[in-house]
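**Student:** What follows is a predicted structure for the sequence shown.
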Amino acid sequence: MTPPTQPRRLRRLAAATALVLALSACANGGTPASDGDASPGTGTGGATSDVQVAFLPKNLGNPYFDTSSTGGREAVAEIGGTFSEVGPATAAPDAQVSYINTLTQQQVDAIVVSANDPAAICGALNDAKTIGIKVVTFDSDTNPECRDLFVNQATAEGIAKVQVDMIAEQIGDEGEIAILSAAANATNQNTWIEMMTEELAASHPNITLVETVYGNDDDQTSFDRTAGLLQSHPNLKGIVSPTTVGIAAAARYLSTSQYKGQVAITGLGTPNQMREYVADGTVTEFALWNPEDLGYLSAYAANALASDEITGAEGDTFTAGRLGEFTVEADNTVLLGEPYRFNADNIDDFDF
Amino acid sequence: MSQTRPAERSRTYADHARPWWQRVLLTPEMAIIALLAIVVLVASLTVRNFATPITLTFLLLDVATLLLIALPMTMVMITGDIDLSVGSMVGLSSVVIGMMVQAGQPMGLAATTAVGVGILGGLVNGLLITRLQLPALAVTIGSMALYRGIAVGLLGTTAVTAFPEEWTTLARANIPGTPIPLVMIVFAVALAAFVVLLHFTTFGRGTYAIGRSRDAALFNGVAVDRTRIILFVLSGAIAALAGVYYTLRFGSARGDNAMGLELQVIAAVVLGGVSVFGGRGALHGVVAGVLLIGVLSSALRLAGVTSDVINIITGVLLVLSVISGSILTWARSVRARPSSATPAQA
């Protein structure tokens, strides 16, 4: 009975060994591939720098971050450095820590990260900073002490103003408008609505804000609230929705209703959600920021830090390629600029 | 199960007929340990930046939560039960210490309360399963949703991050002069306790008996229900303790912390050679299983492999480890028949 078991056991070990060799082959296969991706950037572009910039979005496979990484890759190619993108499959609060640790082990020059949690990645980022890695946050900031620089996509003032400007242009600067917001206690939206109300009172006396309703960032609720607004305010000329869920639901309602073309809808939206409503004429123009520019600027900021051109202190200035010169503002923040307006002319340039 | 019983018995007999060194070395546990050694070796030689002390630090910080929770999970699964609520319990424990620290309570009291909540949660699981005779799978799927719901409900979408810095630093600090995190001392103590409990006490032998056959264990005087309740309480308590570490390590208490952790733990335990049907498994295999998953993902990440591919590789490894047992049993039964016929032919 005993002898036959030995070869079988050995065979199992042999199989296990083969498996590991196969796995390590995968591991080996990975290394040259990632180097290969980056090497065209290293070799070309005048080689003013050999900076290694790693982008760490909230998660991979997200069109918004695919777009920002496109901008980052473009900028790093211009600089002549090495670009890489790593990240978790899901945007869990703790998922980015392992990736930051890995980048620390690899001793990249700069990490450009959009934080899933403002505190959870702080420890890992501090480890990275200890060995001299520069940390730039974009899109979603960490606690300020955990990074060197935050590239802010837009200010609350800018977001409020662009929405008021757009609705005023679209309804001829007079008449009744309403706001379709997210949840009643949504911090961002409430800040913007307050600023929009002030801006309306100050610069657009002929526009009346008749009601603010809340769609709770739920598609169906936002859809129903839009219907309710149009019924209860027959003279309504426009709706502003400072949330991507709300504007898409409102546009969907308007596009099949009698109000299409009569009532303007604008606010904050993404090109992929709004494309068909811009194409069918329901929506003239809406705003957000340009994630490609955001990634592009963040990569230049990372390079400026890594090459000791700036320290990230207030008043530091650096040039970000085609976007021009930027100045570091209070709290080690760089502002991308005014929100970006999407309309029929440019919407097909974007895929996020 | 019932038709595999005779084969199991004959295998046990055959195993005991072998020399002792074969019984110790030629086991699924040793296969996993060997695999771990080979992966470490191959990664050290081929993956840049892998063979550094900091790799060990980051790796152990990463797997500490899994290692801790895997200890009671091993015993729960040896009895043929399963505890799917551990990930949610980590989240709930995280919220409890977050809220208490926010309310100005000292860290020690907050952590004790969190572990108390873990004991309570485990007790609820154990009582429902034994008193109402419900399958552990069904009960803990329910409590997984329940504990997660309470956790998210208590803190909403907010996070508590105002933890005393000396505690968050401590959670990530190394044993002075080594690259080994302090939390490994906690794990070492827990591991020693569980090794004694599982492998050197009648209580531990009872868990194997329960896993082999609950009725037979009962007739042989094993306190089946009491054992199972105790194990669920241990599982809840250790998950809550791991939640304290998890919260301090990330410095962030959130209701959605450790989402999906239960599946990572169960995957590692199964990879470590514990049978999903109960009755077999050992802690050295489970520790190696957790480390194997940790080392593989660490090495593959360093090698620039994307998270999707890492998931595929660990998934394939897991499936192989599960089916390897079945294949071996099948191979033995095929071998057994011709070999008994061989003497007649020869």
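**Tutor:** All right, it came through fine. Model, not experiment: these values are computed from the prediction.
**Student:** By residue count, what's the longest helix in chain B?
**Tutor:** When chain B is parsed with DSSP state H, its longest helix is helix B:307-345.
**Student:** which sections of chain B are below the confidence cut-off?
**Tutor:** Scanning chain B for pLDDT under 70 picks out B:1-17, B:325, B:336-346.
**Student:** By proximity to chain A, which residue of it wins?
**Tutor:** Closest approach between chain B and chain A, counting by C-beta to the nearest C-beta: residue B:304, at 3.3 Å. To be clear about C-beta, it is placed using only N, CA and C from the backbone, and glycine gets the same treatment.
**Student:** Check whether that residue really touches residue A:99, as I assumed.
**Tutor:** No. The pair residue B:304 and residue A:99 does not pass the contact test of C-beta atoms under 8 Å, sitting 11.3 Å apart.
**Student:** who's in contact with the closest residue to residue B:102 other than its chain neighbours?
**Tutor:** Residue nearest to residue B:102 in three dimensions, not counting chain neighbours: residue B:160, with 5.0 Å by C-beta to C-beta, 6 or more residues apart in numbering or on different chains. Residues in contact with residue B:160 (C-beta atoms under 8 Å, 6 or more residues apart in numbering or on different chains) are B:98, B:99, B:101, B:102, B:252, B:253, B:254.
**Student:** Could you check how far residue B:160 is from residue A:316?
**Tutor:** Counting by C-beta to C-beta, to the nearest Å, the gap from residue B:160 to residue A:316 is 34 Å.
**Student:** And stretch B:177-190, how far out from the chain middle?
**Tutor:** Centroid displacement of stretch B:177-190 relative to its chain, using C-alpha atoms, centre = their mean, to the nearest Å, is 18 Å.
**Student:** swap in stretch B:93-109?
**Tutor:** 26 Å.
**Student:** can you give me the end-to-end distance of that stretch?
**Tutor:** End-to-end distance for stretch B:93-109: 13 Å, by C-alpha to C-alpha, to the nearest Å.
**Student:** State the number of residues packed around residue 218.
**Tutor:** Because you didn't say which chain, this covers chain A. For residue A:218, the count of nearby residues is 16 (other C-beta atoms under 10 Å in any protein chain shown).
**Student:** wrong chain, I was asking about chain B
**Tutor:** So residue B:218, with other C-beta under 10 Å, has 14 neighbours.
**Student:** Would you confirm that it belongs to a strand?
**Tutor:** No. Counting by DSSP: H, G, I helix; E, B strand; the rest coil, residue B:218 is located in no strand; its state is helix.
**Student:** In contact with it, which residues are there?
**Tutor:** Counting by C-beta under 8 Å, 6+ apart, the residues that residue B:218 touches are residue B:224.
**Student:** circling back: mind listing what's buried along the longest helix of chain B?
**Tutor:** B:307, B:310, B:313, B:314, B:317, B:318, B:321, B:324, B:325, B:328, B:332, B:336 (16 or more other C-beta atoms under 10 Å in any protein chain shown).
**Student:** quick revisit: confirm that the residue of chain B closest to chain A lies within a helix, as I assumed.
**Tutor:** No. Under the criterion used here (three-state DSSP), residue B:304 is coil, not part of a helix.
**Student:** What is the neighbour count of it?
**Tutor:** Neighbour tally, residue B:304, other C-beta under 10 Å: 23.
**Student:** re earlier: who does the residue nearest to residue B:102 bridge with?
**Tutor:** Residue B:160 has these beta-bridge partners by DSSP bridges: residue B:253.
**Student:** From residue B:244, how far off is it?
**Tutor:** 13 Å.
**Student:** With residue B:204 instead?
**Tutor:** 26 Å.
**Student:** interface residues of the stretch 151-300 of chain B facing chain A?
**Tutor:** The stretch 151-300 of chain B comes close to chain A at residues B:159, B:161, B:168, B:172, B:246, B:249-252, B:254, B:256-260, B:296-300, as judged by C-beta under 8 Å from any C-beta of the partner chain.
**Student:** Selection in PyMOL covering whichever of those residues are buried, please.
**Tutor:** Listed next is the PyMOL selection for buried residues among these, using 16+ other C-beta under 10 Å:
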select buried, chain B and resi 159+161+168+172+246+249+250+251+252+254+256+257+258+259+296+297+298+299+300
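**Student:** Give the residue spans of the stretch 1-150 of chain A that score low on pLDDT.
**Tutor:** A:1-49.
**Student:** One more pass at 90, please.
**Tutor:** The model of the stretch 1-150 of chain A has pLDDT under 90 over residues A:1-50, A:59-64, A:88-95, A:116-120, A:140, A:143.
**Student:** coming back round to it: which neighbours do residue B:304 and residue A:99 share?
**Tutor:** Joint contacts of residue B:304 and residue A:99 (C-beta under 8 Å, 6+ apart) are residue A:86.
**Student:** show me what contacts residue 171?
**Tutor:** Just so you know, I chose chain A. A:177, A:207, A:237, A:238, A:264.
**Student:** try chain B instead
**Tutor:** Contacts of residue B:171 by C-beta under 8 Å, 6+ apart are B:182, B:183, B:245, B:248, B:249.
**Student:** From the opening residue of stretch B:253-271 to its closing one, how far?
**Tutor:** 30 Å.
**Student:** roughly how far is that stretch from the heart of the chain?
**Tutor:** The answer for stretch B:253-271 is 9 Å, by C-alpha atoms, centre = their mean.
**Student:** measure residue B:206 to residue B:126 for me?
**Tutor:** From residue B:206 to residue B:126 the distance is 15 Å (C-beta to C-beta).
**Student:** Surely residue A:111 is within a helix?
**Tutor:** No. Checked against three-state DSSP, residue A:111 lies outside a helix; its state is strand.
**Student:** Tell me what it is bridged to.
**Tutor:** Counting by DSSP bridges, residue A:111 forms beta bridges with residue A:54, residue A:135.
**Student:** ok, it touching residue A:54?
**Tutor:** Yes. Counting by C-beta under 8 Å, residue A:54 is a contact partner of residue A:111 at 5.3 Å.
**Student:** Could you find the closest non-adjacent residue to residue A:332?
**Tutor:** Spatial nearest neighbour of residue A:332, excluding adjacent residues (C-beta to C-beta, 6+ apart): residue A:312 at 4.9 Å.
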